[in-house]
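Q: Whatever this is, show me its structure:
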Amino acid sequence: MDMQAFYTGHAFDAYEFFGAHTYFGGTHFAVWAPAAQYVQVVGEFGEYGMHRTYAGVWEADVNGADAGMAYQYRVTGANGRCVDHCDPYGFAMKLRPDGRSIIAERPTGFADEAWLAARSKNYDKPLNIYEVHMGSWQQKEDGSWYTYAELAELLPAYCKKYGYTHLELMPLAEYPFDGSWGYQTTGFFAPTSRYGTPDELAQFINACHKQGIGVILDFVPVHFAVDEYGLKEFDGTPLYEYPAASVGQSEWGSCNFMHSRGEIRCFIQSCADYWLRVFHADGLRMDAVSRLIYWQGDPNRGVNGSTLEFLKGMNAGLQQRHPTAMLIAEDSTNFPKVTAPVEYGGLGFDYKWDLGWMNDTLDYFKKTPEERKHNLSKLTFSMMYAWNEHYILPFSHDENVHGKATIVQKMYGEYEGKFPQARALYLYMAIHPGKKLDFMGNEFAQLREWDESREQDWSVLKYPNHDSFRVFRKALNEAYLQNDGFWLREYDPAAFRWLDCAHPEKNACAIWRQGSEGGVLAAFNFGDSELTDYELTLPQKGKLTLLLDTDWTDFGGSTTKPAKGKALPAADKLTLNLPPFSGVLYALTLI
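A: Just a heads-up that it's a prediction; the model follows:
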């Protein structure tokens, strides 16, 4: 690492110098604490004073300090207090409540060269993301967590079986409080020890790649945990955080990074590089990007110029270093050009979550059939801005907690009536432009809100409604993967057409998506009465093949599934009779 680049905010490899790096017979320790009066490294190997080298940098070589040993930095700060801190650049940590770092070698054992060589950003490929919290997807019979190594045998195989292309893992950087879900971090470079070692995490990612499943990691570049052993007042002063409480404290009770400082920029962007380079992650989903655009995420407070420039610089550097990895923004604002390259005035992300689509769509499906007749614009409005960014359509963890109810539970009506509506919802999500993301448990219609301490309610699969719903979701995912009309021209407005959005009184609409040799179309009845003689004019004369009907008995409906792949005669119109709360999906081969 170039020290001048570190101080000026241009380094992406600070982890190559800072932290604990083993050599034959010992370990070299380096930590940045410019205002500290004195620093010791204290561990299972003893206590050793460190000496100041560069401006603000403390170093020590300790013979006998070996991989696997725990350690901390004992910092006598500018305020005279002596506090034990974990290593900001530590590569492993002890399980909470133990806040010590662990000397760890860089993970090895990857055998995914072919995967990395063929990897792309998936603009013209399917991208169907399964979001998972590793500790509560499944648990052992005694309620304990599966390890990274054990999940390597379970999770990628599940994703492949059910038609997902990528896993998105909620934050894995070490954190002290389970209820923060990893979004209040103490060990930014340390995979959480809840599920094992860094080597075992590498084994998990390698297993995903072997199964053809990409791995996206949730990354937290905005704030950090307030625990004393973490980054807060690291050298006895507000070093990583803003000194003023009005901007130094986040709405979540954590500390906001001071992104205007070069060393802090290097810390965060080096961390992003670390997960992509060392752990072969296929993308980073960056949390709370609005807080990097506006002061405290509030447009009324104006753009935060220093954080915005940091974000552009980090993304540009990551794009240069990892050109096939995906950078994804969780951003609820309408700030322009989030997914445009930095060199063209953008923020440099590849994708942005479409939270407007999510809110409008779920609000529509909460309404009664009568109310829906006056609110079809909830579904059509998204196409007014769909081409502004490269969007991902998210039904994430945030929509399954805190009294919001799970996705299926949100549907209008009572228990039995929620399932057909949810099937229609997910078909609508599939046909709508934008990549897809869904939270674990939604695929089998979990009704209980997510709780990080409990596994998903797999036991509900013994009930026909839930088991049939998972059959439906698997079939829908397979149709999505197999028909390029869903994704080949994802962000081309010429490849999308409303076949009908002019009959809100019928609670009906229909969408066409152009592919390579035709395309796919879906038609919907979102009302509670049968829709008869619903006529659609096709974009061109062609042969129609019914791919999926949300009302098939296989999925819990009442319509018998016809012979597989049976094509209708060539036509330029389609007339449908749709049961209540249903949708149909056709492939159209143009002639």
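Q: For Tyr274, which non-adjacent residue is spatially closest?
A: Nearest non-adjacent residue to Tyr274, counting by CB to CB, 6 or more residues apart in numbering: Tyr15, 5.1 Å away. For every residue, glycine as well, the C-beta is placed using N, CA and C.
Q: Would you mind measuring from the one you found to Asp199?
A: In this view, Tyr15 and Asp199 are 17 Å apart by CB to CB, to the nearest Å.
Q: again with Phe279
A: Look at Phe279 and Asp199: by CB to CB, they are 11 Å apart.
Q: okay, and the common contacts of the two?
A: The contact sets of Phe279 and Asp199 overlap at Pro107 (CB atoms under 8 Å, 6 or more residues apart in numbering).
Q: measure stretch 89-100 end to end?
A: Taking CA to CA, to the nearest Å, the first and last residues of stretch 89-100 lie 12 Å apart.
Q: which of the residues in it are buried?
A: Buried residues in stretch 89-100, defined by neighbour count with 16 or more other CB atoms under 10 Å: 89-94, 96, 99-100.
Q: burial of Tyr294, as a residue count?
A: Residues lying near Tyr294 (other CB atoms under 10 Å) number 18.
Q: Dig out what it forms beta bridges with.
A: Beta-bridge pairing of Tyr294 under DSSP bridges involves Val303.
Q: Next up, the contacts around it.
A: Tyr294 touches 301-304, 333, 335, counting by CB under 8 Å, 6+ apart.
Q: can I assume Gly583 is in contact with Phe524?
A: Yes: using CB atoms under 8 Å, Gly583 makes contact with Phe524 at a distance of 4.3 Å.
Q: Give me the common contacts of these two.
A: 424, 427-428.
Q: At which residues are the helices of the protein located?
A: With DSSP state H, the ranges of helices along the chain come out as 3-8, 113-118, 148-161, 198-210, 245-248, 262-277, 290-293, 305-321, 355-366, 369-372, 377-380, 415-431, 464-482.
Q: closest to Gly64 out of those?
A: helix 198-210 (22.0 Å; CB to CB).
Q: which strands and helices sit next to the closest one?
A: Using 3 or more CB pairs under 8 Å, 6 or more residues apart in numbering; DSSP states H and E, the elements in contact with helix 198-210 are helix 113-118, helix 148-161, strand 187-191, strand 214-219.
Q: buried residues in that helix?
A: Buried, per 16+ other CB under 10 Å, within helix 198-210: 198-209.
Q: tilt between it and strand 214-219?
A: Helix 198-210 and strand 214-219 are oriented at 140 degrees to each other (axes from the mean of the first three to the mean of the last three CA atoms, to 10 degrees).
Q: got a list of contacts for helix 198-210?
A: 91-92, 104, 107-112, 115-116, 147-149, 151-153, 155-156, 159, 167, 172, 190-191, 195, 214-215, 279-281.
Q: what is the rounded mean pLDDT of it?
A: Helix 198-210 comes out with an average pLDDT of 97.
Q: How about stretch 523-531?
A: Averaged over stretch 523-531, pLDDT sits at 97.
Q: Of all the helices of the chain, which one is nearest Tyr38?
A: For the helices of the chain, the distance to Tyr38 is smallest for helix 262-277, at 20.0 Å, taking CB to CB.
Q: who does that closest one touch, helix- and strand-wise?
A: Here helix 262-277 touches helix 3-8, strand 187-191, strand 214-219, strand 283-286, helix 305-321, going by 3+ CB pairs under 8 Å, 6+ apart.
Q: For Ala245, report the pLDDT, please.
A: 71.
Q: Equivalent analysis for Gly253, please.
A: What the model reports for Gly253 is a pLDDT of 82.
Q: do you know how far the closest residue to it other than its chain neighbours is from Arg265?
A: Once flanking residues are discounted, Gly253 sits nearest to Val226: 6.8 Å by CB to CB, 6+ apart. Going from Val226 to Arg265 by CB to CB gives 21 Å.
Q: neighbour count winner among those two?
A: Remark: of Val226 and Arg265, Arg265 carries more neighbours, 28 against 19, as counted by other CB under 10 Å.
Q: That one and Asp235: what is the separation?
A: 18 Å.
Q: helices and strands of this structure: which one bottoms out on pLDDT?
A: helix 245-248 (a mean of 70; mean pLDDT, DSSP states H and E).
Q: of all the buried residues of stretch 89-100, which two lie farthest apart?
A: Top of the distance list for the buried residues of stretch 89-100 (CB to CB): Tyr89 and Arg96, 19.1 Å.
Q: relative to helix 415-431, how tilted is the longest strand seen in the chain?
A: Criterion DSSP state E: the longest strand present in the chain is strand 531-549. Orientation check (the same axes, to 10 degrees): strand 531-549 against helix 415-431 gives 70 degrees.
Q: just checking, what packs against strand 531-549?
A: Under the contact definition 3+ CB pairs under 8 Å, 6+ apart, strand 531-549 sits against helix 464-482, strand 496-500, strand 508-514, strand 518-525, strand 571-578, strand 582-590.
Q: Could you report the neighbour count for the closest residue to Asn388 other than its chain neighbours?
A: Excluding its sequence neighbours, the residue lying closest to Asn388 (CB to CB, 6+ apart) is Pro336, at 7.3 Å. For Pro336, the neighbour count with other CB under 10 Å is 11.
Q: Would you mark the buried spots in the longest strand of the chain?
A: 531, 534, 536, 538-539, 542-549.
Q: what angle sits between it and strand 571-578?
A: Angle between the axes of strand 531-549 and strand 571-578 is 100 degrees (criterion: the same axes, to 10 degrees).
Q: Which residues are in contact with the closest residue to Gln211 other than its chain neighbours?
A: Closest residue in space to Gln211, ignoring its immediate chain neighbours: Pro156 at 4.0 Å, by CB to CB, 6+ apart. Counting by CB under 8 Å, 6+ apart, Pro156 touches 167, 207-208, 210-211, 213.
Q: ditto for Trp498
A: Neighbours of Trp498 in contact, by CB under 8 Å, 6+ apart: 380, 383, 509-512.
Q: Ok, Glu490 next?
A: Contacts of Glu490 by CB under 8 Å, 6+ apart are 123-124, 390, 433-435.
Q: By neighbour count, which of those residues wins?
A: Top of the contacts of Glu490 by neighbour count (other CB under 10 Å): Lys435, with 27 neighbours.
Q: what about the spatially closest residue to it that is not a sequence neighbour, distance to Gly434?
A: Closest residue to Lys435 apart from its sequence neighbours, by CB to CB, 6+ apart: Leu127 at 3.9 Å. Per CB to CB, Leu127 is found 9 Å from Gly434.
Q: now do Lys160
A: Lys160 is 23 Å from Gly434, where distance means CB to CB.
Q: cool, Glu153 as well?
A: For Glu153, the distance to Gly434 equals 32 Å [CB to CB].
Q: what does Ala55 give?
A: To Gly434, Ala55 is 48 Å away according to CB to CB.
Q: beta partners of the spatially closest residue to Asp84 that is not a sequence neighbour?
A: Leaving aside its sequence neighbours, Asp84 sits nearest to Gln72 (CB to CB, 6+ apart; 4.4 Å). Beta bridges link Gln72 to Val42, judged by DSSP bridges.
Q: just Met93 next, same as before
A: Beta-bridge partners of Met93, as defined by DSSP bridges: Ser101.
Q: I'd guessed it sits against Arg100; true?
A: Yes: taking contacts as CB under 8 Å, Met93 lies within contact range of Arg100: 6.9 Å.
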